[in-house]
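1. fold the following, please.
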Amino acid sequence: MTTDLRVGLVGFGWVNREVWFPRLLQHRNCQVVAVCDPAFTGQRPDPLDGVAVVDRPAALVEHDLDFAVVATPNHLHEEAAGHVLDAGVAALVEKPLCLSSAELKRLTRRAVAGGSTLQVSRVSARRRDVLALRSLVRRMSVGPVQVRAEWLRSAGVPRPGSWFTRRAEAGGGALLDLGWHLAEATAGMLPGSRPVELTAHLSGTSSEAVEAGAKWRADEGGTGPIDVETDGELRAVYPDGSSLSLRAAWVSDTPVDTTRISVRGTDAEGAPYRAELLTTFGFSPHRVTCPVLRVERAGQHHEWHAGTVPGQEYDDQLEAAVAMVRRRAPWRTELLGTASVMALFEEAYRVAGRPLLPEGEAEPVGVRRC
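-> So this is what the prediction gives:
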């Protein structure tokens, strides 16, 4: 009797091919049995020897799967994950889970109806350095906090001219792509309520951005359409006075790709404090050389090395997915946090005048637009 979980991949682009597939091959409890991608109309890719290849999700689920990793263009997440969930197969979906709260509600209903489970890849929220920062903030804070988070790449537009940079398929650009990670990472430091005020600003692209493909993932510059933002910001204010300021850019003047999360608040003695994580999320080799976690409080300064192995958060996410499939994780509880992140970006893009779904099927979330 085998203890292997039979896994399928929906999509065989960069993240499934370079991140999930190798980890699944090495995992003691997982066996990749099938991969689905519409590009599989000719020769089988070399890495997939011994793995069934199909061109439709409906054919993928015929391989007696336990769960599937869905990593398609954003606008296809609901359709692809829906096929999996309807067949009673658990789904781990790359961020953004979907492009509207309405899509998320439908997928949740399909998971329940199919007797399955649904999970979004929350890798940044599982990073060891992020968890350490959260722990510090929880121990120190009394009352509201002010959180600033940014992920700035020096040059990292993903595949210019591809679906990543087409609004109809991606929904949004840098703010959704990188900002989703920041929102997941900071969610545990902020109130669970919806914001009462929200502002957002999206900056367009330029000829420099077109030439600035993410070469570390073989994304050369392109000439196709880029009608999403390459730089975006949002600011949310919560009922208790807490705030989140978030910026994400594919192209900026930073010399190395940099992620910074800073939290200001007041401790139990009424003294102000500031905690900051300086690092680099993701796989880019152009990284902060000395990642650090700092705390300043009552005139004292403490600092810890915060280096992590690039990709370790994906290992931890895979373990969480295995636990989900085996019903050892409260998947609906975790999905509530994802729903808050979805609602935040849904409203931010609407406020900025570029809704993720141009036709707009999502319900208003009841915040004041500033």
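2. can we go C-alpha only for contacts and neighbour counts from here?
-> Fine.
3. ok, the closest residue to L152 other than its chain neighbours - contacts?
-> Closest residue to L152 apart from its sequence neighbours, by C-alpha to C-alpha, 6 or more residues apart in numbering: A249 at 4.9 Å. Residues counted as contacts of A249 (C-alpha atoms under 8 Å, 6 or more residues apart in numbering) are 151-153, 174-175, 178, 230-232.
4. by neighbours, which of those residues wins?
-> L175 (31 neighbours; other C-alpha atoms under 10 Å).
5. I'd like the distance between that one and L48.
-> Distance, L175 to L48, by C-alpha to C-alpha, to the nearest Å: 33 Å.
6. ok, now N74?
-> 24 Å.
7. who's more crowded, those two?
-> Comparing N74 with L48 by other C-alpha under 10 Å, the one with more neighbours is N74, at 22 against 15.
8. does that one touch V93 like I think?
-> No. Using C-alpha atoms under 8 Å as the test, N74 is too far from V93 to be in contact (10.0 Å).
9. returning to that earlier point: tell me what the residue nearest to L152 is bridged to.
-> Beta-bridge pairing for A249 (DSSP bridges): L152, D231.
10. need the pLDDT of it.
-> Turning to A249, the model gives it a pLDDT of 97.
11. ok, the one 10 residues further on next?
-> Note for T259: predicted pLDDT of 98.
12. element containing it?
-> Using DSSP states H and E, T259 maps to strand 258-266.
13. show me what that strand is packed up against.
-> If contacts are counted by 3 or more C-alpha pairs under 8 Å, 6 or more residues apart in numbering; DSSP states H and E, strand 258-266 sits against strand 146-152, strand 272-279.
14. what does the average pLDDT come to for the first one?
-> For strand 146-152, mean pLDDT rounds to 98.
15. repeat that for stretch 281-293.
-> pLDDT averaged over stretch 281-293 gives 95.
16. what about the strands in the stretch 101-250 of the chain?
-> Taking DSSP state E, counting those that start in this stretch to define them, one finds strands in the stretch 101-250 of the chain at 118-120, 146-152, 197-203, 231-237, 243-249.
17. who touches the second one?
-> Going back to what we said before, that points to strand 146-152. Residues from elsewhere that reach strand 146-152 (C-alpha under 8 Å, 6+ apart): 178-179, 182, 186, 242-252, 254, 257-265, 280-281.
18. any regions of this protein where pLDDT drops low?
-> Scanning the chain with the threshold set as pLDDT under 70 gives 1-3, 41-46, 205-224, 359-370.
19. with distance to R274 added, can I get the strands of the stretch 101-250 of the chain in JSON lines?
-> As requested, these are exported to JSON lines (distance: least, C-alpha to C-alpha, whole Å):
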{"stretch": "strand 118-120", "distance to R274": "30"}
{"stretch": "strand 146-152", "distance to R274": "10"}
{"stretch": "strand 197-203", "distance to R274": "23"}
{"stretch": "strand 231-237", "distance to R274": "19"}
{"stretch": "strand 243-249", "distance to R274": "14"}
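20. and R159, which of the ones you listed is closest to it?
-> Among those, strand 243-249 comes nearest to R159, with 14.7 Å by C-alpha to C-alpha.
21. convert the closest one to PDB, retaining C-alpha atoms only.
-> Extracted in PDB, the C-alpha atoms of strand 243-249 (Å, rounded to 0.1, in the frame of the first residue of the first chain):
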ATOM      1  CA  SER A 243      -3.100  51.700   8.500                       C
ATOM      2  CA  LEU A 244      -1.300  49.800   5.700                       C
ATOM      3  CA  SER A 245       0.800  51.600   3.000                       C
ATOM      4  CA  LEU A 246       1.800  49.200   0.300                       C
ATOM      5  CA  ARG A 247       3.900  49.700  -2.800                       C
ATOM      6  CA  ALA A 248       5.000  47.200  -5.400                       C
ATOM      7  CA  ALA A 249       7.100  47.900  -8.600                       C
END
